[in-house]
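Asker: sequence? don't have it. structure:
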Ligand code: ZN
């Protein structure tokens, strides 16, 4: 049996996982991400941690197929990153740099795209060849898989679906400088924004009015407890999600839409809510798409990163 590693580099930790060649996750651990000095220590730290693990567990270099890496920023098919702001990285070839440190084959992808690949391979979209993964967290991210391959695009920016504009008349600005992005309505911060706006415009009583600071979870909890205002707010969110996913499906025509990110902890209500509004916006031929929750959680990135290595061998 041969093995490989999947690495998911984030702004606070680097997650490293060991897989066998069929993709079973055998072990995993994390090291801190040291972002000082242009993040120069990140790859050497990762390489050292992998070497240390290998010698502690009697793994030889000939036992290792390769290392797959997900990075939080735009990256092209050769492994060149173009400014990963969370890591303080500029422009350089991550694949070549890590291959030089480890003397093993390396493949690199964008973190959201490799997470989508992970969900497509072993998670909520297992068995599908065409998939859209939408990550609803503090922001909205995503990844697109077509014919089993993550789509990177010409600038490594494919899958930045959170910045599709849903409502150009939106008065407030998105972090990206535009107005009316998906992220402004369908993220956890978007839910809070819509909640504040709704409560300011209506004089309907709501348990949310008693809170000093509203979180997205508060809105979901209040709606579950029967709060009419919270339910109305979430209907607005689901309507935006339906519009967002209807548009995505008209472009990609996937078999499955996987919904992940922190907000997906709300569970099936999120899938049901978005699916309820989806037909309002979907092109008829895409209406049979399946909606499902992500199942790999924080492992999705490492799983998909390792799949990049396997696909490169195939
Ligand atoms: Zn935006």
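Answerer: The structure has been received and is ready for your questions. This structure is a prediction, so every number in the text was calculated from the model and none was measured.

Asker: biggest helix in the protein, by residue count?
Answerer: For the chain, the helix that runs over the most residues, judged by DSSP state H, is helix 228-252.

Asker: show me what it is packed against.
Answerer: Under the contact criterion of 3 or more CB pairs under 8 Å, 6 or more residues apart in numbering; DSSP states H and E, helix 228-252 touches strand 131-136, strand 140-146, helix 183-186, helix 188-201, helix 216-224, strand 256-260, helix 268-281. Quick note: C-beta positions are derived from backbone N, CA and C, even for glycine.

Asker: and of the ones you listed, who's closest to the ion?
Answerer: helix 183-186 (5.4 Å; CB to the ion).

Asker: helices or strands next to that closest one in the packing?
Answerer: The contact analysis (3+ CB pairs under 8 Å, 6+ apart) places helix 183-186 against helix 188-201, helix 228-252.

Asker: please repeat the previous calculation with a cut-off of 10 Å.
Answerer: Judged by 3 or more CB pairs under 10 Å, 6 or more residues apart in numbering; DSSP states H and E, helix 183-186 is in contact with strand 131-136, strand 140-146, helix 188-201, helix 228-252.

Asker: from the contact counts, what lies against the third one?
Answerer: Right, helix 188-201. strand 131-136, strand 140-146, helix 183-186, helix 216-224, helix 228-252.

Asker: relative to helix 268-281, how tilted is the first one?
Answerer: Yep, that's strand 131-136 we're talking about. 120 degrees (axes from the mean of the first three to the mean of the last three CA atoms, to 10 degrees).

Asker: returning to what we had before: and the ion, is the longest helix of the chain touching that?
Answerer: No. Judged by CB under 5 Å from the ion, helix 228-252 stays clear of the ion, getting no closer than 12.4 Å.

Asker: got it, and stretch 149-160?
Answerer: No. Stretch 149-160 stays clear of the ion (CB under 5 Å from the ion), getting no nearer than 8.5 Å.

Asker: just the pLDDT for the residue most central in space within the chain.
Answerer: The C-alpha lying nearest the average C-alpha coordinate of the chain belongs to residue 112 (CA atoms, centre = their mean; 3.9 Å). Per-residue pLDDT puts residue 112 at 91.

Asker: residue 176 too?
Answerer: pLDDT, read off for residue 176, is 87.

Asker: now it: phi and psi?
Answerer: The phi/psi pair for residue 176 (degrees, to the nearest 10) reads phi -80, psi -10.

Asker: got a list of what the residue nearest to the centre of the chain touches?
Answerer: Residue 112 makes contacts with 70, 72, 133-135, 141-144, 150, 158-162, 260-261, 300-301, 304, as judged by CB atoms under 10 Å, 6 or more residues apart in numbering.

Asker: contacting residues for the closest residue to the ion within the stretch 1-150 of the chain?
Answerer: Closest residue of the stretch 1-150 of the chain to the ion, CB to the ion: residue 139 (8.5 Å). By CB under 10 Å, 6+ apart, the residues touching residue 139 are 162-163, 174-176, 181-184, 186-190, 261.

Asker: now, among these, which is nearest to residue 4?
Answerer: residue 261 (26.4 Å; CB to CB).

Asker: picking up where we left off before, show me how to select, in ChimeraX, the buried members of the contacts of residue 139.
Answerer: Per 16 or more other CB atoms under 10 Å, the buried members of the contacts of residue 139 correspond to this ChimeraX selection:
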select :162,163,174,181,182,183,184,186,187,188,189,190,261
